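>>> model the following, please.
(one chain, ligands or ions: 1)
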Amino acid sequence: MSHSSSGNSTSVNSTSGRAKPTGPAAVKATGVHVTRGRKKILRGIDFAIEPGRITGLLGPSGSGKTTLMRAVVGVQRLRAGAIEVLGRPAGTPSLRHVVGYVTQAPSVYPDLSVEANVRYFGAMHDAKASDAAEAIAAVGLEKLARQKTASLSGGEFSRVSLACALVSHPQLLVLDEPTVGLDPVLRAELWDRFAAMAATGTTLIVSSHVMEEASHCSSLLLLRDGLLLAQLSPTELSERGRSHDLEKAFLHIIQESESANRNASESQVAS
Ligand SMILES: Nc1ncnc2c1ncn2[C@@H]1O[C@H](COP(=O)(O)OP(=O)(O)OP(=O)(O)O)[C@@H](O)[C@H]1O
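Below you'll find the model as predicted:
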């Protein structure tokens, strides 16, 4: 990793016209089950992600987003199933140089400056000083490059972590709630940055529990209680959930799936 370490959609997508890949997938999950302690956290997840797109991983708190991301970057043991990343099994050592992972808790050295942190992580991937400068600029921290990381605000601190992942130009970037604690202007800038990266071929998986962020993604994985409710585009979400408000649309899909489950268990009891 470069830093710190088949749903049921139809087929149109806001930018590519597709929610699911038609060619080789950047990430493919098949029958993924994860148990932590005695708890079943992921309960049979299947999906495929198209390269060079932003895929949003959305779901309520505790639905399993972080666990799924950990599985994709290869730091989470699976009880069953498999995940393939860029054509190799998740966690394969050679993926460390091409997969970036930014955890929710920023993992940088507080006693080093912004620049020293980014150069340090860059050095692991033979990145040049110019790559570090570019990554720092990408997250809007140029003016703070010489400042000790410990003295930054929460939002600035988390952007250092992102710069440390960007410095190696990963092919797949996995970001766990990267916009938490950022003001609306910075959030919009970051989404623009992600879109620019996707346009140059980077695959991004971005988790969020803020549904309005879904509109920035090409494809959405909707998680609830360890199950994948749907893989679809924002347009499809809005159509299927019968609302332009994506939060309401997601709630509608949850209610729909709960009532389908209830009907299925009632007809089982009846038979
Ligand atoms: N080490 C663990 N042992 C037991 N249960 C765990 C462990 N880690 C996470 N869990 C449980 O797994 C479930 C999914 O957690 P996860 O962090 O993947 O959810 P999430 O969707 O990322 O949540 P959030 O949006 O709040 O970050 C939660 O119910 C959590 O309590």
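>>> hey, let's count contacts and neighbours off CA atoms from now on
Noted.
>>> how close does the residue in the stretch 151-271 of the chain that the ligand sits nearest to get to residue 94?
Going by CA to the nearest ligand atom, the ligand is nearest to residue 209 of the stretch 151-271 of the chain, at 6.1 Å. Going from residue 209 to residue 94 by CA to CA, to the nearest Å gives 31 Å.
>>> who has more neighbours out of these two?
Neighbours per residue (other CA atoms under 10 Å) separate residue 209 from residue 94, with residue 209 holding more: 18 against 10.
>>> and the pLDDT at the more buried one?
According to the predicted model, the pLDDT of residue 209 comes to 79.
>>> ok, now residue 188?
88.
>>> helix or strand: which one has it?
Taking DSSP states H and E as the definition, one finds residue 188 inside helix 184-199.
>>> identify each buried residue in that helix, please.
Neighbour counts over helix 184-199 (16 or more other CA atoms under 10 Å) mark 187, 190-191, 194-195, 197-198 as buried.
>>> per-domain residue ranges of the chain.
Listed by the TED database, the domain ranges of the chain are 25-98+171-261, 100-169.
>>> residues contacting the helix or strand that residue 131 is a member of, please?
Element membership of residue 131 [criterion: DSSP H and E] is helix 129-138. With CA atoms under 8 Å, 6 or more residues apart in numbering as the test, helix 129-138 has contacts from 114-115, 118-119, 122, 142, 145, 160, 163-164, 166-168, 193.
>>> related to what we said a few turns ago, Provide a list of residues in contact with the residue of the stretch 151-271 of the chain closest to the ligand.
58-61, 177.
>>> likewise residue 33?
40-45, 78-81.
>>> same deal with residue 127?
Shown in contact with residue 127 (CA under 8 Å, 6+ apart): 119, 167-168.
>>> flag every residue of the stretch 151-271 of the chain that's near the ligand.
By CA under 6 Å from any ligand atom, no part of the stretch 151-271 of the chain sits against the ligand.
>>> if you set the cut-off to 8 Å instead, what comes out?
Residues of the stretch 151-271 of the chain lying close to the ligand (CA under 8 Å from any ligand atom) are 176-177, 207-209, 223, 225-226.
>>> surely residue 160 meets residue 116?
No: counting by CA atoms under 8 Å, residue 160 stays clear of residue 116, with 10.4 Å between them.
>>> got phi/psi on residue 141?
Geometry field for residue 141 lists phi and psi as phi -110, psi 20, criterion degrees, to the nearest 10.
>>> and residue 46, by the same measure?
phi -130, psi 130.
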